[in-house]
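Chemist: any chance you could fold what I've pasted below:
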Amino acid sequence: MWLPWMEFAVVLTVVALLTVPMGQWLARCFTSEHHTWLERLTYGALGVNPQERMGWQRYGAALVLSNAAMLLLGYLILRLQDWLPLNPLELAAQAPHLAFNTAASFITNTNWQSYAGESSLSNATQMAAITFLMFAGATTGVAAGAGFVRGLARSSSQDVGNYWVDYVRVLWRVLLPLSLAMALVYV
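Modeler: Numbers count the residues shown, from 1 in each chain. Predicted coordinates:
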């Protein structure tokens, strides 16, 4: 009877203990003036000026447009699954409404499924669409949180940072290292 409560207490304690180091890590990530070589390479590939400052309207528009582009990419992958390589079971593509529902739910991190992923999506589609959208949606969420906090802290300023810098930094400095570390833990 007490075991579930102990598990809950352990998880709660670990989360509480990690709150301060994670907050410090995120604060360093979002306040650093230095751009790593991977970040500079990504800015160049995206055609982004990392020195540009954005107001909340531009920041929000960049967020919405980037998510729309990623949603469209996920939708296309799901719709074209039967034409894409690495589909040894020759699984059919999702119907238009299901592909849109799937892409929209995974880019927004609601992750709602109305299909059996293992029997209707190829491994390549699960990696290229589903995993990509889950990761991109989480990255967007953390970047949006940084912009929101900056907006609160700089209430008299029109500068909430640069969405692309926030997105790229969350990707390279936070989520990919955490994913690698957790993959090693799970292995």
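
Chemist: which positions within the helix or strand A136 falls within qualify as buried?
Modeler: Element membership for A136 (DSSP states H and E) is helix 132-153. Within helix 132-153, the residues scored as buried using 16 or more other C-beta atoms under 10 Å are 132-140, 142-144, 146-147, 150-151. Backbone N, C-alpha and C define where each C-beta goes, glycine included.

Chemist: quick one: contacts of it?
Modeler: Contacts to helix 132-153, defined as C-beta atoms under 8 Å, 6 or more residues apart in numbering, come from residues 26, 30, 56, 59, 63, 66-67, 70-71, 73-74, 103, 106-109, 111, 159-161, 163, 166-167, 170-171, 174-175, 179.

Chemist: between the two ends of stretch 74-92, how far is it?
Modeler: By C-alpha to C-alpha, to the nearest Å, the extent of stretch 74-92 from end to end equals 16 Å.

Chemist: now do the SS call for the nearest residue in space to A128 that is not next to it in sequence.
Modeler: Distances taken as C-beta to C-beta, 6 or more residues apart in numbering place I77 nearest to A128, at 5.3 Å, with adjacent residues excluded. Of the three states, I77 takes helix under DSSP: H, G, I helix; E, B strand; the rest coil.

Chemist: quick one: residues contacting I77.
Modeler: Contacts for I77 were tallied using C-beta under 8 Å, 6+ apart; they are 84, 125, 128-129.

Chemist: now stretch 154-173: mean pLDDT?
Modeler: Mean per-residue pLDDT for stretch 154-173: 91.

Chemist: can you lay out the contacts of I77 as TSV showing distance to V20?
Modeler: Listed next are those as TSV, based on distance: C-beta to C-beta, whole Å:
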residue	distance to V20
L84	44
T125	40
A128	37
A129	36
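
Chemist: of all the residues you listed, which two lie farthest apart?
Modeler: Greatest spacing in these, by C-beta to C-beta: L84 and A129 (9.8 Å).
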